[in-house]
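> Have a look; sequence and predicted model below, questions after that.
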Amino acid sequence: MLNDLLNKIDRKYNRYAVKNLIIYIIATMCIIYVFNLYTVFNPSIETDLYSMLTFDRDLILKGQVWRVISFIFLPPLAGISSQSGQTGIFLDAFAVYLCWMIGVGLETQWGSFKFNVYYLLGIAGSIISGFITGGSMNIYLNLSMFLAFAIVYPDFELQLLFFLPSKVKILALFCGIFIVKDLIFGSLSARAAILFSLLNVIIFFWKDLLKYAKALGKRRRRRFFR
């Protein structure tokens, strides 16, 4: 039903879709990353660029309205990996490449309009969760793209550490386990962040997720009664 609706809207408004959206997103991430490196290696600059772009509900309500959207353009591992070491740069580069590959793959499969809708739903969910919890990161938005990629291309192989092949459906399964764990045992704010930030996955793939959950339940019952 959703696909039929999107296809109808696509035929009518396809010309308004932003083609190669992920490329613009990634290009902006790279620009921000380079500028941040410059501030890191320049002792005379005390400003932390990343902290100026993060989602902060209190600061947004005080007038820093750019934070509502600027956090989307932070590099995927901003604040997680080292900003100055070679290992940090390597991990950041790999994460950016992964986002680019996934985004291009989804747009190639879906078309620009459907990918735009999916990504914008993810942004909207991240913003809503940010206003509920007080803060938001683009980690769940990027994760939503990865989960979609795993559903669309389940047998695609990633070369982890350049020599360890792993199918994305296996990696997505591990991600799903941690998401469920946080939904069950996490704080209320963590649950809200997950539910709203991954709203696009639920809307687009609820049938696939339900089918997989039923199949997983059947396998467990078979093992139990053996």
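Arrived safely, thanks for sending.
> how about the helices in the protein?
Under the criterion DSSP state H, the chain contains helices at 2-13, 21-41, 49-53, 57-61, 67-70, 86-110, 112-133, 139-152, 168-185, 188-197, 199-225.
> Who's the closest spatial neighbour of the most centrally placed residue in the chain, skipping the chain neighbours?
Against the mean C-alpha coordinate of the chain, by CA atoms, centre = their mean, the closest residue is Asn142 at 1.3 Å. Leaving aside its sequence neighbours, Asn142 sits nearest to Pro76 (CB to CB, 6 or more residues apart in numbering; 5.3 Å). In this view, the C-beta of every residue, glycine as well, is placed from N, C-alpha and C.
> My guess is the one you found contacts Leu143. True?
No - Pro76 sits out of contact with Leu143 when judged by CB atoms under 8 Å, with a separation of 9.7 Å.
> Looking at the two, which has the bigger crowd around it?
Counting neighbours by other CB atoms under 10 Å for Pro76 and for Leu143 shows that Pro76 has the greater number, 23 against 20.
> Contact partners for that one?
Counting by CB atoms under 8 Å, 6 or more residues apart in numbering, Pro76 touches 29, 92, 95-96, 98-99, 138-139, 142.
> For those, give me TSV that also has pLDDT and distance to Leu121.
Output for these, formatted as TSV (pLDDT from 0 to 100; distance: CB to CB, whole Å):
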residue	pLDDT	distance to Leu121
Met29	93	20
Asp92	82	26
Ala95	86	22
Val96	89	22
Leu98	90	21
Cys99	93	17
Asn138	89	14
Ile139	88	16
Asn142	92	14
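> Could you dump those into JSON lines with distance to Leu59 added?
Formatted as JSON lines, these follow (distance: CB to CB, whole Å):
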{"residue": "Met29", "distance to Leu59": "21"}
{"residue": "Asp92", "distance to Leu59": "25"}
{"residue": "Ala95", "distance to Leu59": "26"}
{"residue": "Val96", "distance to Leu59": "26"}
{"residue": "Leu98", "distance to Leu59": "30"}
{"residue": "Cys99", "distance to Leu59": "26"}
{"residue": "Asn138", "distance to Leu59": "17"}
{"residue": "Ile139", "distance to Leu59": "19"}
{"residue": "Asn142", "distance to Leu59": "23"}
